[in-house]
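> sharing a model prediction with you, sequence too.
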Amino acid sequence: RKEVEQDPGPFNVPEGATVAFNCTYSNSASQSFFWYRQDCRKEPKLLMSVYSSGNEDGRFTAQLNRASQYISLLIRDSKLSDSATYLCVVNLDYGGSQGNLIFGKGTKLSVKP
Amino acid sequence: NAGVTQTPKFQVLKTGQSMTLQCAQDMNHNSMYWYRQDPGMGLRLIYYSASEGTTDKGEVPNGYNVSRLNKREFSLRLESAAPSQTSVYFCASSHYDPFGSYNEQFFGPGTRLTVL
């Protein structure tokens, strides 16, 4: 069965905190990996892709461990504006094909003043 | 550019009624998608169209039909709505290059559908 598992949270953290989200996937044939962000009652938007070597975008760091089938997202120096639900997404297809995107249920983050 | 637009934003149907959800994109993308999002569930793909003239079933196609009207527009039809189809429906689009790497999917604002 194709599954992407995430801790649903909510994660309630103070401004400035560092928070980490984890995600596991069951299909070892998964090809590419992403984190999307979804604000309350809004559409999902791509936050960042996840590469085997790890990648960083400002305060956000994503890591992939293919052997353990594990993806992580680290947010440093949390801002109020980071409050959202973070979706772990796995693509089972090669190349640009996207008919097999599997979305996790999301982890809700609430950053408090 | 408007990106991906969806109509209507909200809809209430009675069981057995039919309706069509409209989606359009102005980014010249060749691939378009319809998802549903239910509480406690991840987004699930209903149908997708990799390019104009093609459509394929996703994970949960039963009870739905789609039409790729042209490169810009991709509609989703519920022929006989059921309460189990109460959900938030998202349309998305992306560039598709079969020999290239993943290209970001851009989502519309969603349609909130309630079937009584």
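Thanks, I have it. Numbers count the residues shown, from 1 in each chain, chains lettered A, B, ... in the order given.
> okay, CA-based contacts and neighbour counts for the rest of this
OK.
> where does the most centrally placed residue in chain B land in three-state SS?
Centroid-nearest residue in chain B: residue B:34, 2.3 Å away (criterion: C-alpha atoms, centre = their mean). Under the three-state scheme (DSSP: H, G, I helix; E, B strand; the rest coil), residue B:34 adopts strand.
> residue of chain A closest to chain B, please.
residue A:105 (4.0 Å; C-alpha to the nearest C-alpha).
> list the contacts for the residue lying closest to that residue once chain neighbours are set aside?
Distance criterion C-alpha to C-alpha, 6 or more residues apart in numbering or on different chains; nearest residue to residue A:105, sequence neighbours excluded, is residue B:42 at 4.0 Å. Residues near residue B:42 by C-alpha atoms under 8 Å, 6 or more residues apart in numbering or on different chains: A:102, A:103, A:104, A:105, A:106.
> residue B:60 against residue B:48, yeah?
No - assessed by C-alpha atoms under 8 Å, residue B:60 is found out of contact with residue B:48, at 11.2 Å.
> hang on, the earlier thing: just checking, the residue of chain A closest to chain B touches residue B:38?
No - counting by C-alpha under 8 Å, residue B:38 is not a contact partner of residue A:105; they are 9.4 Å apart.
> run through the strands of chain A in chain order.
For chain A, applying DSSP state E gives strands covering A:4-6, A:11-14, A:19-25, A:32-38, A:44-50, A:55-57, A:60-65, A:70-75, A:84-91, A:101-103, A:107-112.
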